[in-house]
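Enquirer: sequence and predicted model, in that order:
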Amino acid sequence: MPLQQTMVALIVTWCCGYAVWALLPDAARRALARRLLDLPLPSALQQRLRRAASQPTGCACDGCDAGKPAGARPAVAMVEQPIRIHRRLKGQSGT
């Protein structure tokens, strides 16, 4: 196989692997990272896999669902805004 075809095959394989990794759900990515850590891989790749395998589960909202303290006001005041309806005159186009 010529060098150019080999390089293209490697690049396409790498891109497919990256796309699969990026689109995997977090739980599947963690499980795959744990399994890949059993293989003899370079230390730089093992560090990235260890980081991916130890990612926290959940949404990482950091207590955003704990509620607001009593007397807290919303950041933006809710002010009533009138709704304005503009009717088209006959013969006007929408473009």
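Expert: Received it, and whenever you're ready, just let me know what you need.

Enquirer: the helices in this structure, which residues?
Expert: 3-23, 26-36, 43-53 (DSSP state H).

Enquirer: closest to Lys90 out of those helices?
Expert: helix 3-23 (50.6 Å; Cβ to Cβ). Using the backbone N, CA and C atoms, a C-beta is placed for each residue, glycine as well.

Enquirer: where in this structure is pLDDT low?
Expert: 57-77, 93-95 (pLDDT under 70).

Enquirer: what do you get if the cut-off is 80, keeping everything else the same?
Expert: Within the chain, the segments meeting pLDDT under 80 span 1, 55-78, 91-95.

Enquirer: out of the helices of the chain, nearest to Met78?
Expert: helix 26-36 (34.7 Å).

Enquirer: check which helices and strands that closest one is in contact with.
Expert: helix 43-53 (3 or more Cβ pairs under 8 Å, 6 or more residues apart in numbering; DSSP states H and E).

Enquirer: run the last query once more with 10 Å
Expert: Judged by 3 or more Cβ pairs under 10 Å, 6 or more residues apart in numbering; DSSP states H and E, the packing partners of helix 26-36 are helix 3-23, helix 43-53.

Enquirer: having no further points to raise, I will conclude here.
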